[in-house]
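K.L.:
Task: produce atomic coordinates for the following.
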Amino acid sequence: MSSKEEVVSASEKVAKDKYRSFLHDEGESNTLWRHGAPPTYDDVNLLFEQGRTKVWPEGSLEEIVQNAIKSWEMELSHKIRLQDFKTINPHKFKLFVNGREGLNAEETLKVGSYNALLGSSLPKELKAYRSEEETFESSHEAFRSAFPRGFAWEVIKVYTGPPEIAFKFRHWGFFEGPFKGHPPNGNMVHFYGLGTLKVDNSLKVEEVEVYYDPGELLGGLISGPHTEQEKHNTKITPASQGCPFSTK
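P.N.:
Residues are numbered from 1 along each chain as shown. Prediction:
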């Protein structure tokens with residue numbers, strides 16, 4: 001086989017993700033990936049298809065919003081440089097969660113989606129998850145461990161269209177791996193929330209605002225006994241799965 005045929009053969013093996021853009025496009029040839037290559041979402045896509053409550057028509061506003069947020073989460077979890085992001089306006093971007101002070105694009109990329117979404121003003125001793133003590137890497141390792149098949153995300157309803165999009169969402173996964181020393185129980189963990197997206201004329205996101213109850217997520221992960229041995233036994237590989245916001 002010639003080198004040209006080998007390249008064609010290799011490219012044919014990389015199937016485009018059905019729900020995420022900016023993974024294998026020509027414009028990604030210079031993208032720096034966190035784990036050295038574009039991620040794959042086969043496991044969480046299967047979880048999503050088996051557990052979703054809505055199947056939106058192709059080209060509908062609901063499908064467009066759902067896929068846009070999955071694409072943004074993918075970039076936030078797997079791209080290292082803001083210059084490689086295609087889903088946001090990095091100069092104007094802000095993320096607001098549950099009424100807290102907003103994070104700009106650099107700050108959001110630095111802490112990662114889990115820490116950004118799970119920040120809390122509770123006293124330290126009352127926090128089930130201490131985002132201020134976690135890094136981007138440690139936070140993703142913790143949730144990849146807890147949800148080995150991924151953490152699926154779907155749009156339930158879209159209330160308004162661009163430039164300010166309001167929507168309701170659902171997030172779910174199965175607690176099948178240890179979380180911070182708590183052994184898995186196999187139960188589904190899920191929660192609902194509301195969000196808004198402010199987009200520019202090219203549909204790049206300038207602001208994301210999210211409201212949800214973190215207790216619905218964390219409560220399902222810490223309800224069992226805590227064992228120090230479980231904490232030390234947790235092993236993670238550089239997986240391709242993402243965060244609470246799609247985490248795939």
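
K.L.:
Let me know whether Glu216 touches Phe191 as I believe.
P.N.:
Yes - with contact defined as C-beta atoms under 8 Å, Glu216 reaches Phe191; the gap is 3.6 Å. Backbone N, C-alpha and C define where each C-beta goes, glycine included.

K.L.:
isn't Val210 right up against Leu197?
P.N.:
No - counting by C-beta under 8 Å, Val210 stays clear of Leu197, with 9.9 Å between them.

K.L.:
So the two - more neighbours on which side?
P.N.:
Leu197 (23 against 18; other C-beta atoms under 10 Å).

K.L.:
can you tell me which residues contact that one?
P.N.:
Listed by C-beta atoms under 8 Å, 6 or more residues apart in numbering, the contact set of Leu197 reads 65, 68-69, 164-165, 167, 205, 207-208.

K.L.:
Can you tell me the element it falls in?
P.N.:
strand 188-199 (DSSP states H and E).

K.L.:
partners of that strand in the sheet?
P.N.:
In the sheet, strand 188-199 lines up against strand 164-174 (antiparallel), strand 205-212 (antiparallel) (DSSP bridges).

K.L.:
of all the ones you listed, which lies closest to Tyr114?
P.N.:
Of all the strands paired with strand 188-199, strand 164-174 sits nearest to Tyr114, with 11.9 Å by C-beta to C-beta.

K.L.:
With just CA atoms, put the closest one into PDB.
P.N.:
The C-alpha coordinates for strand 164-174 follow below in PDB (Å, rounded to 0.1, in the frame of the first residue of the first chain):
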ATOM      1  CA  GLU A 164     -30.200  34.600  24.000                       C
ATOM      2  CA  ILE A 165     -31.100  31.000  24.200                       C
ATOM      3  CA  ALA A 166     -32.900  29.600  27.300                       C
ATOM      4  CA  PHE A 167     -33.100  25.800  27.800                       C
ATOM      5  CA  LYS A 168     -33.800  23.000  30.300                       C
ATOM      6  CA  PHE A 169     -31.400  20.100  30.500                       C
ATOM      7  CA  ARG A 170     -30.900  16.700  32.100                       C
ATOM      8  CA  HIS A 171     -27.500  15.100  33.100                       C
ATOM      9  CA  TRP A 172     -27.200  11.400  34.000                       C
ATOM     10  CA  GLY A 173     -24.700   8.500  34.500                       C
ATOM     11  CA  PHE A 174     -24.300   5.300  36.400                       C
END
